[in-house]
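Peer 1: I need the structure of the sequence given here:
(2 chains)
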Number of protein chains: 2
Amino acid sequence: MVMENNNYIGIDFGGTNIKIGCFSIDMNPVRDRPPLAAVRHQGCLASNGMKPLWKTSIPTDAQMGPTAVIDRMVDTIKEMAGKKNTLFETIKAVGIGAPGPAKYTEGIIIKCANLPKFTNVPISKMLKDKLSKPVILENDANAACYGEFVAGAGKNIKNMVFFTLGTGIGGGIISDGKLLRGSDGNAAELGHIIIQINGRLCTCGQRGCGEAYASATNTAKRATEAIEAGGKSSLEAVLKKNGQITCKDVYDHLAKGDELAKKITDETAEVLAVLCVNALHYTEPEKIVFAGGMIAAGKPLLDRIKFYFNQHIWKIKQEDTVEICFATVGEDAGIIGAAALAREL
Amino acid sequence: MVMENNNYIGIDFGGTNIKIGCFSIDMNPVRDRPPLAAVRHQGCLASNGMKPLWKTSIPTDAQMGPTAVIDRMVDTIKEMAGKKNTLFETIKAVGIGAPGPAKYTEGIIIKCANLPKFTNVPISKMLKDKLSKPVILENDANAACYGEFVAGAGKNIKNMVFFTLGTGIGGGIISDGKLLRGSDGNAAELGHIIIQINGRLCTCGQRGCGEAYASATNTAKRATEAIEAGGKSSLEAVLKKNGQITCKDVYDHLAKGDELAKKITDETAEVLAVLCVNALHYTEPEKIVFAGGMIAAGKPLLDRIKFYFNQHIWKIKQEDTVEICFATVGEDAGIIGAAALAREL
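Peer 2: Below is the predicted model:
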């Protein structure tokens, strides 16, 4: 039996896969069950870390409906707990990160484009009834943000802003050592901050959101549109051959010196930089952290974000305190964060 | 002697005047000195209120320099405390709201356009040395936000966003019942959220800030510019007669049916509405509260902000939960908030 009584389950509930992990959160033996924020600030999580006991991934198959999907989650947890010698009884609580919009405080998924048949699903209650463990529902980006905070770039700071760059742009905010949730758990929708009034249409229905320009999907889309409008680019051959352009294609052709790729990726970086300026003025973080598939673009992306940040930030105060960087935890941030948040229960 | 041992001083340190107030904060006798957030949530401040004992205002005369100005503050507090029968000894702590940028956590005013000779002034330490009381320095808009939170539109809620509309646009954020300060007390610079990349130049050096369009000063300025560019308006006569147009003039002429005033004030309302959309996506408040001289424009301003908010907000979730309203506390919000924050010391 491993680390009895201090084990927590983190679930990353995505449209394609459900990732599940079990972690033991080491405690200072002198201080039994202090609040998580206190643990964080004593450096316990930072120094002792969260020990991963096991993790797994199952297909979501959302079309099978909530009951079947949740049953498979429960079965998987029980099976893995048995197989990995972490007694089911040692699991104290479960954290689940799921896409919004949701009534997070009530543990209800309202609806989600990537989860058909999940409409008004009281997922926390359903899991709790079947597992007989406390369950906390969080926004998936918030959970990943918290994972990065406790185990990655956010170690040793108290204020952080987190962006995930993928199909869309997700966000998370740590303020004074705590996840900023808002009145109903829907805070930090950082992809939907409007940076251009009446600008480009976003899938959310708003115009001029950062996401409408600078997500991986929209970076690729703007490149395609530019070529279709007659722009000259080495990406034209990719479009003809594959029928589409990906964000990776755009950065690959930037590396090869393509001018159109340069223009498109610069616009992405400029929009992300303005999101950073705004994030700084909202919650004044010590670090702004980018995560998600798109950070594979590496230094050419990060350097241009920093360049445009320095162009756009105000001049009345020297902003040498905020660090803009990439996430370090990787794809397990969601399960780590969800498990760490379950610690609050 | 009034309310011995529970009196707090709030100072609103402006470029023209220094307002000083003394408040007794009623306590639940069973719970001696709980943290302020706890007091707030128990409804003590809301139900028992903060009792104003006295208030006064003195000219700032910043050009006399920090030492002289601070000496006058101290003399005024001592004199008023004596005169109003609130013994100096009963004052527990002092809160001071001052314009930024500053190192709030260190209690140092770095510099301020409206306070010449105040460069790198350790105002908290100077006041503390002379008064022998704990002193807390806060951003002036944050202090006013907190005043509105404890005594006005923010009663009975836990998440609030606050805008002051005047020469500039100031801001404050209450998250989960607490003032959101950021890493160095400079959070919630809500006037400097960029809503138009590479847009109108702001006095802060950025382009496209909300303040550059929608402050009282810039509303008046855009009207002047539109007329100088050949726009037809009944405001033309005002400009000729007075050599300038004020924000009040613009709203007065809106009431008289002037088309250019309608266009200018609609742009102001649209920018403020987009600031509300962004505020909702950042911290998901229950209320967004507007304060400052410009709210004298009344219903025509508030109704158009709400109209544009409904135009710009996303459609993927019904946003019926956020209330957009005007502040109710008025010009004492700064001293009330500063005193209430001093309670944390």
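Peer 1: what about the strands in the stretch 151-300 of chain A?
Peer 2: A:160-165, A:169-175, A:178-179, A:287-291 (DSSP state E, counting those that start in this stretch).
Peer 1: Now do the last one against strand A:160-165: the angle between them, please.
Peer 2: Relative orientation of strand A:287-291 with respect to strand A:160-165: 20 degrees, computed using axes from the mean of the first three to the mean of the last three C-alpha atoms, to 10 degrees.
Peer 1: could you give me the average pLDDT of strand A:287-291?
Peer 2: For strand A:287-291, mean pLDDT is 98.
Peer 1: so what does the longest helix anywhere in chain A touch, helix or strand wise?
Peer 2: Ranked by residue count, the top helix of chain A under DSSP state H comes out as helix A:259-283. Packed against helix A:259-283, as judged by 3 or more C-beta pairs under 8 Å, 6 or more residues apart in numbering or on different chains; DSSP states H and E, are the following elements: strand A:160-165, strand A:169-175, helix A:211-214, helix A:216-228, helix A:247-255, strand A:287-291, helix A:299-312, helix B:259-283. Glycine gets a C-beta too; all of them are placed from N, C-alpha and C.
Peer 1: Could you say which one of those comes nearest to A:Val277?
Peer 2: helix A:299-312 (5.0 Å; C-beta to C-beta).
Peer 1: Tell me which of the strands of the stretch 151-300 of chain A approaches A:Asn139 most closely.
Peer 2: Using C-beta to C-beta, those put strand A:169-175 closest to A:Asn139, at 7.6 Å.
Peer 1: Is chain B within reach of the closest one?
Peer 2: Yes. For strand A:169-175 and chain B, the contact criterion (C-beta under 8 Å from any C-beta of the partner chain) is met by A:173, A:175.
Peer 1: Let's have the helices and strands packed on helix A:259-283 in CSV, adding distance to B:Leu127 and mean neighbour count.
Peer 2: Listed next are the helices and strands packed on helix A:259-283 as CSV, based on distance: least, C-beta to C-beta, whole Å; neighbours: other C-beta atoms under 10 Å in any protein chain shown:
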stretch, distance to B:Leu127, mean neighbour count
strand A:160-165, 33, 29
strand A:169-175, 28, 28
helix A:211-214, 46, 27
helix A:216-228, 51, 21
helix A:247-255, 54, 20
strand A:287-291, 33, 25
helix A:299-312, 36, 17
helix B:259-283, 31, 24
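Peer 1: Rebuild these as a markdown table, extending it with distance to A:Thr321.
Peer 2: Listed next are the helices and strands packed on helix A:259-283 as a markdown table, based on distance: least, C-beta to C-beta, whole Å:
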| stretch | distance to A:Thr321 |
| --- | --- |
| strand A:160-165 | 13 |
| strand A:169-175 | 16 |
| helix A:211-214 | 24 |
| helix A:216-228 | 29 |
| helix A:247-255 | 29 |
| strand A:287-291 | 10 |
| helix A:299-312 | 13 |
| helix B:259-283 | 20 |
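Peer 1: Tell me the residues on the stretch 101-250 of chain A that lie near chain B, please.
Peer 2: A:101, A:110, A:157-159, A:173, A:175-176, A:178, A:180-190, A:192-197, A:202, A:204-207.
Peer 1: in chain A, which ranges drop under the pLDDT threshold?
Peer 2: Within chain A, the stretches with pLDDT under 70 are A:1-5, A:26-49, A:85-86, A:317-320.
Peer 1: How many neighbouring residues does A:Ile157 have?
Peer 2: 16 (other C-beta atoms under 10 Å in any protein chain shown).
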